[in-house]
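K.L.:
predicted structure and sequence below. I'll ask about it afterward.
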Amino acid sequence: MYSFMGGGLFCAIVANILLVVSTATDYWMQYRLSGAFAHQGLWRYCMSGKCYMQTDSIAYWNATRAFMILSAMSCFAGIIAGILSFAHFSTFERFNRSFAAGVMFFVSTLFVLLAMAIYTGVTVNFLGKRFGDWRFSWSYILGWVALLMSFFAGIFYMCAYRMHECRRVAGPR
């Protein structure tokens, strides 16, 4: 039970770090514009060594930003619940902290999935046709890795919850 929780906590901490780094950096997409290389993130775009804030309020950027921030926040809340589940694991009968942590990690997974789906769909359908020579970059890839890590954190915590429930139902030996 505690090994599942430890594995889940490790995955969650890595996922939260990756979510923050992915959201904050500006290498979601790289492209060539007028012969020069450029790259952009959720907050800035950089061309010829100079970076500029994205001041346009475009719906897909705002949605991607919002879902990435919500994902990082729910992952952090899951980490807090996961840490608290180590202390007095079976204190509450009606509220199990490992179950709450697992749910928060699945919510985080859903939010990052929505963010990545929105960004991918718009980039491939709109920006991909606008820029001939483009590719997704490492910040974008970190977002997908964070999705997997938060999903596995949820799986680990649900397994810990299942083991706890099986022991509780079976009774003391």
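P.N.:
All right, it came through fine.

K.L.:
just the helices in this protein please.
P.N.:
2-24, 59-86, 97-122, 128-130, 138-170 (DSSP state H).

K.L.:
in the protein, which helix or strand is least confident?
P.N.:
helix 128-130 (a mean of 69; mean pLDDT, DSSP states H and E).

K.L.:
if we can go back for a sec, and the helices of the chain, which is most packed in?
P.N.:
Greatest average neighbour count among these goes to helix 97-122 (a mean of 22), per mean count of other CB atoms under 10 Å. Every residue, glycine included, has its C-beta placed from N, CA and C.

K.L.:
now do it: distance to the chain's middle.
P.N.:
6 Å (CA atoms, centre = their mean, to the nearest Å).

K.L.:
between it and helix 59-86, how many degrees?
P.N.:
Helix 97-122 and helix 59-86 are oriented at 160 degrees to each other (axes from the mean of the first three to the mean of the last three CA atoms, to 10 degrees).

K.L.:
average pLDDT for helix 97-122?
P.N.:
Across helix 97-122, pLDDT averages out at 94.

K.L.:
please work out how many residues are found near residue 55.
P.N.:
5 (other CB atoms under 10 Å).
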